[in-house]
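Asks: How does the following fold in three dimensions:
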Amino acid sequence: MEDKRNLIAAILLSVAILIGWNFVAEKFFPTPSKPDVTTTVAGTGTDNAAPTAAAPAPGQPSALPTPGVPAAAPAQATRPVEAALAEGNRIPLETPDLSGSINLVGGRIDDVTLTKYRQTIKKDSPPVRLFAPAGTKGAYFASLGWSAQGITVPGPNTLWTASGNKLTPTTPVTLSWANGSGQTFRIEYSIDENYLITAKQTIANTGSAPVTASSFALIDRLGKPTDPHEADSWTIHVGPTGFLGGKSVFDVDYDDVEDADARSIRYNSAGWLGFTDKYWLAAIVPSKGERVTAAISSPSANHYQTLFARDFSQIAPGKQMSVTSRIFAGAKEVDVLSTYQDKLGIPRLSNAIDWGWFEFFEVPIFKLLDWLFKQVGNFGVAIMILTLIIRLVMFPIAQKQFASMAQMRLVQPKMKALQDRYKNDKPKMQQELMKLYKDEKINPLAGCLPIVIQIPIFYALYKVLMLTIEMRHQPFILWIKDLSAQDPAMILNLFGLLPFTPPSLLSIGLLAVILGITMWLQFRLNPTPTDPVQEQVFKIMPWLFMFVMAPFAAGLLLYWITNNILSIGQQQWMYRKYPALKAAAAK
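Replies: A predicted model of the protein is given here:
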């Protein structure tokens with residue numbers, strides 16, 4: 001039966017898109033070649049940058065500096081975070097969305113926790129820690145610095161003096177340090193209500209000779225994410241990222257940086273750059289339209305940096321120079337990223353969320369789902385309402401599908417006669433079947449159109465559930481505490497009573513079983529195929545999909561189950577409208 005073949009093809013195509021898109025994209029839409037590589041951005045480990053013999057001309061692009069962050073070395077990463085924070089010399093920072101502190105040693109922002117988000121769904125779970133001080137296991141921080149010739153500049157061990165007791169949206173803080181030879185350095189920190197820190201760097205030259213200097217900003221990170229759910233995959237990019245060389249960078253991972261010449265990849269321009277996790281982002285941002293050179297590097301094993309540096313400029317005696325950078329340290333909330341992108345001109349910052357090729361479709365699905373969630377207060381119910389809306393929008397198409405199926409049933413005897421008459425002449429049989437379709441005004445492809453339309457919707461919802469933090473840790477009912485995670489009530493661990501997680505292929509949960517049953521019921525409502533092979537395929541397919549879909553997010557299974565139930569109801573209604581189809585189904 002032609003419509004059955006179409007159904008099988010459409011379902012298999014949806015699975016292929018979910019599982020094989022990465023292969024297709026790499027084969028037919030290859031990513032551009034990687035940018036030029038340059039020297040590493042490794043630290044020197046000294047307190048101050050050493051002066052060089054010759055000063056570059058003002059306006060000359062800066063050679064990427066060696067800022068020196070020795071405390072991030074893996075061998076020294078032994079202290080607990082609490083011990084590092086207890087050493088003092090810190091200025092607290094706090095907003096409605098985060099808390100932490102600035103380390104006056106080095107002037108680094110190395111202590112940030114995201115107070116709105118918990119590490120797990122447990123009520124007593126601590127907040128998510130993004131930044132941690134150097135010398136700890138998860139060292140991760142942002143810092144600013146200078147490169148200059150002939151003068152001493154502040155380094156990673158410089159102790160700054162602070163004016164102000166706490167960095168908040170209403171109370172900025174200024175750090176200052178003087179080198180004793182006529183130059184004073186300042187960093188004026190301010191922060192907004194969310195996750196964006198603004199840093200104004202100033203060098204004042206009160207000496208008797210001009211000074212040539214360049215400023216830079218960097219993110220320093222020790223180690224990769226250890227949670228397997230946070231690992232880089234073909235659907236979710238985790239690792240170095242940014243708007244570099246005029247494009248969003250998703251094709252560079254940690255291994256690429258380690259394998260690059262000199263363990264560094266250089267870019268001749270940057271709108272922003274940093275490190276992205278599944279839900280979190282740390283990024284440095286130069287001023288809008290500012291000329292900078294940038295690099296992603298790995299100074300040593302398991303140690304990574306992103307950095308941008310400005311051109312060298314000359315500061316005359318009695319003059320000063322100021323530049324402004326921004327540091328994003330927070331959650332990848334869709335509205336927040338879009339606001340920074342649109343109002344502050346940070347290019348493509350919203351692409352820190354790896355929407356992929358179907359961003360144009362995924363973002364509207366997210367916005368509709370997020371709006372529904374805000375109206376009903378339950379994310380699972382919002383998914384069910386979204387499914388209903390999609391079914392209503394597609395209802396006219398479904399009517400045509402069922403009408404086409406009814407027409408196909410009415411001409412089934414004629415089709416069977418043609419198949420028997422030309423069973424030994426396949427080309428002639430196909431020619432006669434096409435003529436029959438034309439005479440009876442039947443479109444044999446109409447039956448699979450609704451399923452084909454469902455494919456991008458299904459994929460978009462999959463990406464939304466996997467990528468957007470707004471969906472993280474959202475409960476539904478009963479045992480479903482997180483719709484962005486796999487159903488925890490698995491058969492092999494006695495529905496969560498036993499403390500282990502079965503292998504992926506055997507992690508069959510209650511939702512997966514319900515999915516298989518609803519799909520089986522949906523297929524039962526269809527007429528029994530005359531082809532024995534097709535009949536066997538339809539008997540096996542619901543249970544095959546039960547295994548295939550079991551490891552996916554519970555919210556995705558909820559969408560498919562709801563869609564199956566609505567399809568069953570729609571089929572029953574259409575059977576009453578087209579008695580010929582019901583009669584054929586009963587045979």
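Asks: Ile442: neighbour count?
Replies: A total of 21 residues lie near Ile442 under the criterion other C-beta atoms under 10 Å. The C-beta positions use only the backbone N, C-alpha and C, and glycine is treated the same way.
Asks: That should have said Pro126, apologies.
Replies: There are 10 residues near Pro126, going by other C-beta under 10 Å.
Asks: Just give the nearest non-adjacent residue to it, would you?
Replies: Gln119 (5.8 Å; C-beta to C-beta, 6 or more residues apart in numbering).
Asks: For the one you found, list the residues it contacts.
Replies: Ser125, Pro126, Pro127, Val128 (C-beta atoms under 8 Å, 6 or more residues apart in numbering).
Asks: Please repeat the previous calculation with a cut-off of 6 Å.
Replies: Gln119 is in contact with Ser125, Pro126, Val128, counting by C-beta atoms under 6 Å, 6 or more residues apart in numbering.
Asks: ok, now Ser125?
Replies: Arg118, Gln119.
Asks: How about Leu511?
Replies: Asp487, Ala554, Leu557.
Asks: What helix or strand is it located in?
Replies: For Leu511, the element it lies in under DSSP states H and E is helix 510-524.
Asks: next helix or strand past that helix?
Replies: Next along from helix 510-524, by DSSP H and E: helix 532-549.
Asks: follow-up on the earlier one: quick one: the helix holding Leu511 to helix 532-549, angle?
Replies: 160 degrees (axes from the mean of the first three to the mean of the last three C-alpha atoms, to 10 degrees).
Asks: model confidence over helix 510-524, on average?
Replies: Averaging pLDDT along helix 510-524 gives 87.
Asks: Check which residues of it are buried.
Replies: By neighbour count on 16 or more other C-beta atoms under 10 Å, the buried set for helix 510-524 is Leu510, Leu511, Ala512, Val513, Ile514, Leu515, Gly516, Thr518, Met519, Trp520, Gln522, Phe523.
Asks: try stretch 479-497
Replies: For stretch 479-497, the neighbour count (16+ other C-beta under 10 Å) marks Ile480, Lys481, Asp482, Leu483, Ser484, Ala485, Gln486, Asp487, Pro488, Ala489, Met490, Asn493 as buried.
Asks: Let's verify the third one: helix, strand, or coil?
Replies: When states are read from DSSP: H, G, I helix; E, B strand; the rest coil, the local structure at Asp482 comes out as coil.
Asks: Please parse this structure into its domains.
Replies: 63-343, 362-586 (automatic domain parsing).
Asks: distance between the first one and the chain's centre?
Replies: To tie it back to what came earlier, the one meant is domain 63-343. 21 Å (C-alpha atoms, centre = their mean, to the nearest Å).
Asks: re earlier: mind giving me a markdown table with the buried residues of helix 510-524 and columns for distance to Phe395?
Replies: As requested, those are arranged in a markdown table below (distance: C-beta to C-beta, whole Å):
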| residue | distance to Phe395 |
| --- | --- |
| Leu510 | 30 |
| Leu511 | 26 |
| Ala512 | 28 |
| Val513 | 29 |
| Ile514 | 24 |
| Leu515 | 23 |
| Gly516 | 26 |
| Thr518 | 19 |
| Met519 | 21 |
| Trp520 | 24 |
| Gln522 | 17 |
| Phe523 | 21 |
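Asks: List just the nearest of the residues you listed to Ala352.
Replies: Proximity of the buried residues of helix 510-524 to Ala352 (C-beta to C-beta) peaks at Leu511, which lies at 30.6 Å.
Asks: The stretch 251-400 of the chain: strands as residue ranges?
Replies: For the stretch 251-400 of the chain, applying DSSP state E, counting those that start in this stretch gives strands covering 264-267, 270-276, 280-286, 292-300, 303-310, 313-315, 319-331.
Asks: Who are the packing partners of the last one?
Replies: Helices and strands in packing contact with strand 319-331 are listed as strand 196-205, strand 280-286; criterion 3 or more C-beta pairs under 6 Å, 6 or more residues apart in numbering; DSSP states H and E.
Asks: and the gap between the residue of the chain most remote from its centre and Lys435?
Replies: Going by C-alpha atoms, centre = their mean, the residue of the chain most distant from its centre is Arg421, 56.6 Å out. In this view, Arg421 and Lys435 are 13 Å apart by C-beta to C-beta, to the nearest Å.
Asks: With the buried residues of stretch 479-497 in mind, say which one has the least confidence in the model.
Replies: Asn493 (72).
Asks: for it, helix, strand, or coil?
Replies: coil.
Asks: how near is it to Phe328?
Replies: 40 Å.
Asks: what's the answer for Arg90, then?
Replies: Plainly put, Arg90 is 21 Å away from Phe328 if you go by C-beta to C-beta.
Asks: what's around the nearest residue to Leu521 once chain neighbours are set aside, how many residues?
Replies: Distance criterion C-beta to C-beta, 6+ apart; nearest residue to Leu521, sequence neighbours excluded, is Ile568 at 5.9 Å. Residues contacting Ile568 under the criterion other C-beta under 10 Å number 16.
Asks: now the angle from the helix or strand where Ile568 lies to helix 510-524?
Replies: Following DSSP H and E, one finds Ile568 within helix 554-577. Put simply, helix 554-577 runs at 20 degrees to helix 510-524, going by the same axes, to 10 degrees.
Asks: Gln419 is in contact with Met428, correct?
Replies: No Met there; residue 428 is Lys. No. With contacts counted by C-beta atoms under 6 Å, Lys428 stays clear of Gln419, the gap being 11.1 Å.
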